[in-house]
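Undergrad: Mind folding the following:
(chains A and B)
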There are 2 protein chains.
Amino acid sequence: MMESDDQVVDHRTSDRGMGSLKPNEFEPVLIDLLGDILPKADKLPVICCGMVGARQGWVEAPYAACPCEPSATDQAVTFEAAEGRLAIHILPGVKQIAPPDVMRGEETQIAGLLAEAPGFEGAVCLPGTHSKWAKIANGRIETFRTFMTGELFALLSNQSILRHSLGGDGFDEAAFAQAVTDALEDPAAVTGEFFAIRAATLLNDHAAGAGRARLSGLLIGAELVAAHSFWQESETVIIGESALAKAYREALTIAGAAVRTVPGDELTLAGLTAAYRNLKR
Amino acid sequence: MMESDDQVVDHRTSDRGMGSLKPNEFEPVLIDLLGDILPKADKLPVICCGMVGARQGWVEAPYAACPCEPSATDQAVTFEAAEGRLAIHILPGVKQIAPPDVMRGEETQIAGLLAEAPGFEGAVCLPGTHSKWAKIANGRIETFRTFMTGELFALLSNQSILRHSLGGDGFDEAAFAQAVTDALEDPAAVTGEFFAIRAATLLNDHAAGAGRARLSGLLIGAELVAAHSFWQESETVIIGESALAKAYREALTIAGAAVRTVPGDELTLAGLTAAYRNLKR
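TA: Residues are numbered from 1 along each chain as shown, chains lettered A, B, ... in the order given. Sure, this is the predicted structure:
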């Protein structure tokens, strides 16, 4: 909830997101979340980004075709809700035809980065379940790529045979660094290193924290090699301050990249604010 | 059940394997399976290989240290069961210290291959949930390596975001071949290609069979690059005739390897027979 374009006057969160909602459930959940903020009559503008615009979301928003500005508000989907008391704007995602790729939500964080640092050129790395890399130039997303590294780590560590070798909460920083180095030196060998984590536990009673860190380092290291065209010749901004974002920062530093980290929530807000201003024009 | 060392007189199977049994359940399950074959008094020799000798199996058998002959019967664990009517021999697995690796069961198929083709030298590929590659020379396993390719495929196709893009039973041979070629040419890029399968479905309504085949081809192709030292300079024998074994054969042929396929069940029997003869000595 913002006033005068950029003053946050209220802030509410909910875990009732796209993954657990049917299309007709978004409106009541939003009304419930707004509660006393819901105006009596005025059309309160609501700017939305992310999976809310997916095919299985509230209302499907299109994808702007990359290369493009990250906030393609001219392609936003606009409709009324709550009997006219809300004016909903769902921002488009971004698609890329070759290689095929899509994003929803990350483009708004990138728009926020450009709003805060106009003229930024370089790489943006957004760690997550599906990490995204984007190349930014001339105020546009020139190209981007998605890696399933986070999801692969979760599947391998929780559901594969490796789960027996990765228990516990420890995280061995040295093992992580060594694994990143190994993957950078020989990325093609990485798929052969997974089972070795299991075998090492069977043969040597390795600490589980070392196995977890090694798996993470191998996967992130392999991603860095595949994404090298993004970070190799320009500065990389990592969006987010999670433990995962810190691991990416560490891995990129090992790879010799120039890295900077910025908080993600603030950029989302800045991106939504910029979109709102565009929509008002 | 065999007589005169190499005549099969009966054959029984059960799905009650190591994964679902506690150590004290192996004996009653075996007695139940044998039924009328269980002798009244004689010590019937029972030769076992595989996960029955794992730490969570019936009785833990050691690992022979590689390089070694594939049938290290001098390290078998021997004990009586069924009140002395069965003489159980659990064959050892094989371990490798660097890089760390283990196998249980595959060594007996390799022993069977060497029993049927004494003097064989080259690579052995055993496709499966965890595929194994072994280099054979002088009647020994010189080195080996395990790849979690099959498990990765199962996890990615059934439980990751890709599951929405891989439904159906089709398998597009041309998409498989292209993916193998792509992985052989640029194995480091493979982790960036997974999400593209999902994005291609969202953007182009690709057939699910193409996505499944592409994922399989990318994973097997990446494994071949990591395992190139096994197949690049010698003949490769693929053990098994499953659909997966056929996919490995196709991929290896694309990579330019010299490949031959042999049935797996027959080799297991030949390996167990060879172990029995060794034990009798």
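Undergrad: can you pull the pLDDT of the closest residue to A:Glu69 other than its chain neighbours?
TA: Nearest non-adjacent residue to A:Glu69, counting by Cβ to Cβ, 6 or more residues apart in numbering or on different chains: A:Arg140, 5.5 Å away. C-beta coordinates here come from the backbone N, C-alpha and C atoms, glycine included. We have a pLDDT of 97 for A:Arg140.
Undergrad: so A:Gly217 touches A:Ala174, yeah?
TA: No - contact between A:Gly217 and A:Ala174 fails when scored by Cβ atoms under 8 Å: they sit 10.0 Å apart.
Undergrad: between those two, which one's more packed in?
TA: Higher neighbour count among A:Gly217 and A:Ala174: A:Gly217, with 29 against 10, using other Cβ atoms under 10 Å in any protein chain shown.
Undergrad: from the middle of its chain, how far away would the helix or strand in which A:Asp265 is found be?
TA: Element membership of A:Asp265, judged by DSSP states H and E, is helix A:264-280. Helix A:264-280 sits 16 Å away from the centroid of its parent chain (Cα atoms, centre = their mean, to the nearest Å).
Undergrad: average pLDDT for that helix?
TA: So the average pLDDT for helix A:264-280 ends up being 92.
Undergrad: picking up where we left off before, around the residue nearest to A:Glu69, count how many other residues there are.
TA: Neighbour number of A:Arg140 under other Cβ under 10 Å is 16.
Undergrad: Check A:Phe171 too.
TA: Using other Cβ under 10 Å: A:Phe171 sits among 15 other residues.
Undergrad: I'd say it and A:Gly211 touch.
TA: No - using Cβ under 8 Å, A:Phe171 is not in contact with A:Gly211, being 10.3 Å away.
Undergrad: center of chain A - which residue?
TA: Centre of chain A computed as the mean C-alpha position; nearest residue by Cα atoms, centre = their mean is A:Leu126, 4.5 Å away.
Undergrad: Which residues lie in contact with that one in this structure?
TA: Contacts for A:Leu126 were tallied using Cβ atoms under 8 Å, 6 or more residues apart in numbering or on different chains; they are A:Glu106, A:Gln109, A:Lys132, A:Trp133, A:Ala134, A:Ile238, A:Ile239, A:Gly240, A:Gly264.
Undergrad: With secondary structure and distance to A:Ala255 as added columns, please give those in TSV.
TA: Shown next, in TSV, are those (DSSP: H, G, I helix; E, B strand; the rest coil; distance: Cβ to Cβ, whole Å):
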residue	secondary structure	distance to A:Ala255
A:Glu106	helix	22
A:Gln109	helix	23
A:Lys132	strand	18
A:Trp133	strand	13
A:Ala134	strand	18
A:Ile238	strand	13
A:Ile239	strand	18
A:Gly240	coil	18
A:Gly264	helix	22
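Undergrad: Now render the residues you listed as TSV, adding neighbour count and distance to chain B.
TA: Formatted as TSV, those follow (neighbours: other Cβ atoms under 10 Å in any protein chain shown; distance: Cβ to the nearest Cβ, whole Å):
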residue	neighbour count	distance to chain B
A:Glu106	29	13
A:Gln109	29	18
A:Lys132	26	9
A:Trp133	25	9
A:Ala134	30	13
A:Ile238	25	18
A:Ile239	25	18
A:Gly240	22	18
A:Gly264	21	20
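Undergrad: Can you pick out the most distant pair from those residues?
TA: Using Cβ to Cβ, these span at most 15.2 Å, a distance reached by A:Trp133 and A:Gly264.
Undergrad: Now A:Glu80: which helix or strand?
TA: Here A:Glu80 sits within strand A:77-81, counting by DSSP H and E.
Undergrad: How about the contacts made by the residue nearest to A:Glu69?
TA: A:Arg140 neighbours (Cβ under 8 Å, 6+ apart): A:Pro67, A:Cys68, A:Glu69, A:Pro70.
Undergrad: Buried subset of the residues you listed, written for PyMOL?
TA: Buried residues within those, by 16 or more other Cβ atoms under 10 Å in any protein chain shown, are selected in PyMOL with:
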select buried, chain A and resi 68+69+70
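Undergrad: Which single one of the contacts of A:Arg140 is nearest to chain B?
TA: Top of the list for closeness to chain B, among the contacts of A:Arg140 and by Cβ to the nearest Cβ, is A:Cys68 at 14.9 Å.
Undergrad: Show the model's pLDDT score for that closest one.
TA: 96.
Undergrad: Make sure it is actually in contact with A:Gly93.
TA: No - because the distance of 10.7 Å does not satisfy Cβ under 8 Å, A:Cys68 is recorded as not touching A:Gly93.
Undergrad: Return every residue with contacts to both of these two.
TA: By Cβ under 8 Å, 6+ apart, no residue touches both A:Cys68 and A:Gly93.
Undergrad: re earlier: ok, for the residue nearest to the centre of chain A, nearest residue in space, not its chain neighbours?
TA: A:Lys132 (4.4 Å).
Undergrad: do the same with A:Thr273
TA: That would be A:Asp6: by Cβ to Cβ, 6+ apart, it lies 5.6 Å from A:Thr273.
Undergrad: hang on, the earlier thing: and which of the contacts of A:Leu126 is nearest to A:Gln159?
TA: Using Cβ to Cβ, A:Lys132 comes nearest to A:Gln159 of those, at 23.9 Å.
Undergrad: Strands along the stretch 51-200 of chain A, start to end?
TA: Along the stretch 51-200 of chain A, counting by DSSP state E, counting those that start in this stretch, strands occupy A:63-65, A:77-81, A:86-90, A:93-96, A:101-103, A:122-126, A:131-137, A:140-147.
Undergrad: A:Leu38 is nearest to which of the ones you listed?
TA: Among the strands of the stretch 51-200 of chain A, the nearest to A:Leu38 by Cβ to Cβ is strand A:86-90 (7.5 Å).
Undergrad: what residues does that closest one touch?
TA: Contacts with strand A:86-90, where a contact means Cβ under 8 Å, 6+ apart, come from A:30-31, A:38, A:43-49, A:52-53, A:57-59, A:61, A:73, A:76-81, A:275-276, A:279.
Undergrad: do stretch A:41-56 as well
TA: A:17-19, A:23, A:26, A:30, A:37-38, A:57-61, A:77, A:80-81, A:84-93, A:104-105, A:107-108, A:268, A:271-272, A:275-276, A:279, B:202.
Undergrad: Backbone torsions only: list them for the nearest residue to A:Tyr248 once chain neighbours are set aside.
TA: Leaving aside its sequence neighbours, A:Tyr248 sits nearest to A:Pro127 (Cβ to Cβ, 6+ apart; 4.8 Å). According to degrees, to the nearest 10, the main-chain angles of A:Pro127 amount to phi -70, psi 150.
Undergrad: where does A:Pro127 land on pLDDT?
TA: 97.
Undergrad: try A:Gly53
TA: Listed pLDDT for A:Gly53 reads 96.
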